[in-house]
Each structure stands twice: as C-alpha cells, then as structure tokens.
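A.B. asks: Model the following, please.
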Amino acid sequence: MLPPKLNITDWERWGKLVKTWATGSNTYLQDGHSYPVPRNLQELKDQMAQARAGTVPQHFTSLQFVSLDGDATLVIYLPPAQAITDAEADLRSTGVYPLPPFYRDDAWHGENPSIADLEKFHAKRIGEYTINYCQ
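C.D. replies: As a prediction, this is how the structure comes out:
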C-alpha cells in the first residue's frame with residue numbers, strides 16, 4: 001500500500017492555502033492569520049493545522065517548494081517510478097481508485113469500475129498530473 005500523501009480534511013481550505021502561498025496574498029482564508037510559504041516541514045504542519053486544512057503524515061522528513069516564474073523553461077515533473085508501480089498494484093488488489101471525495105462520484109457516476117477501467121483512468125491521471133505541473 002502507498003503511504004499517504006497529505007491528509008487533506010478540507011479540500012477548499014487546502015486549495016485556499018495553496019493559493020495564498022502561490023500569490024503571496026493573504027485574502028483567501030480570511031481568518032486573521034498569516035500564511036507565508038513554509039520554510040520547513042514544521043511550518044507546513046503548523047500552517048495546515050492553523051488553516052484547518054489537514055495534516056502531514058509522519059513519513060515525510062523534509063519539504064521543498066518549487067515556484068515557477070513563467071519563464072520559457074519547460075519543467076516536467078515525473079512521479080517516482082515506485083509510486084506508479086505501487087499505485088498499479090493497489091488498483092489491482094483493491095479495485096479502488098483513490099480520488100478525493102469531491103469528484104469521485106462524478107468520475108464513476110455511482111458505478112463500480114473494472115480493474116481495466118481503473119488502470120486506464122490511472123494512466124490518464126498520471127498524464128494529467130504531468131501536464132498540470134508542467135511549466
């Protein structure tokens with residue numbers, strides 16, 4: 001089983017926290033707190049708790065932000081190979097694709113997909129992930 005990434009408990013608040021870091025504007029959460037880009041893992045944990053957005057699992061030991069400035073450099077983020085093969089094994093063994101609940105029902109329309117459908121969806125999501133974070 002894959003170790004969890006971030007444990008997001010409120011997807012809207014998490015998105016607003018990311019927007020705050022990316023824009024430097026503290027207008028998204030509007031809770032009276034300041035949210036500068038965290039410099040280390042503890043600051044990330046503290047801010048996620050303050051924003052009531054989620055938690056950071058214990059297996060993470062460091063933090064790195066990559067902030068793109070819109071120049072002409074093409075940056076393509078590749079997921080770790082082990083993460084792909086672990087996810088594929090999880091799909092085959094559990095028959096579940098781990099989508100955030102805010103769009104899980106939209107993706108499957110209330111039906112149980114086949115393993116082949118899950119694998120196809122996984123390939124599309126890997127491609128989407130790569131393009132979404134490609135700058």
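A.B. asks: those strands in this structure, which residues are they?
C.D. replies: Remark: strands assigned in the chain by DSSP state E are 7-8, 54-55.
A.B. asks: which helix of this structure spans the most residues?
C.D. replies: If you go by DSSP state H, the chain has its longest helix at helix 115-132.
A.B. asks: Show me what it is packed up against.
C.D. replies: helix 81-94 (3 or more CB pairs under 8 Å, 6 or more residues apart in numbering; DSSP states H and E). For the C-beta atoms, the positions are set from N, CA and C on the backbone; glycine is no exception.
A.B. asks: send the alpha carbons of the helix it packs on over as CSV?
C.D. replies: Presented in CSV, the C-alpha positions along helix 81-94 are these (Å, rounded to 0.1, in the frame of the first residue of the first chain):
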residue,chain,number,x,y,z
ALA,A,81,8.6,5.0,-10.5
GLN,A,82,7.8,3.2,-7.3
ALA,A,83,4.8,5.4,-6.7
ILE,A,84,3.4,4.3,-10.1
THR,A,85,4.0,0.6,-9.7
ASP,A,86,2.7,0.7,-6.1
ALA,A,87,-0.5,2.5,-7.3
GLU,A,88,-1.0,0.0,-10.0
ALA,A,89,-0.7,-2.9,-7.6
ASP,A,90,-3.2,-1.2,-5.2
LEU,A,91,-5.6,-0.8,-8.1
ARG,A,92,-5.4,-4.5,-8.9
SER,A,93,-5.7,-5.7,-5.4
THR,A,94,-8.3,-3.3,-4.0
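A.B. asks: Done for today, thanks.
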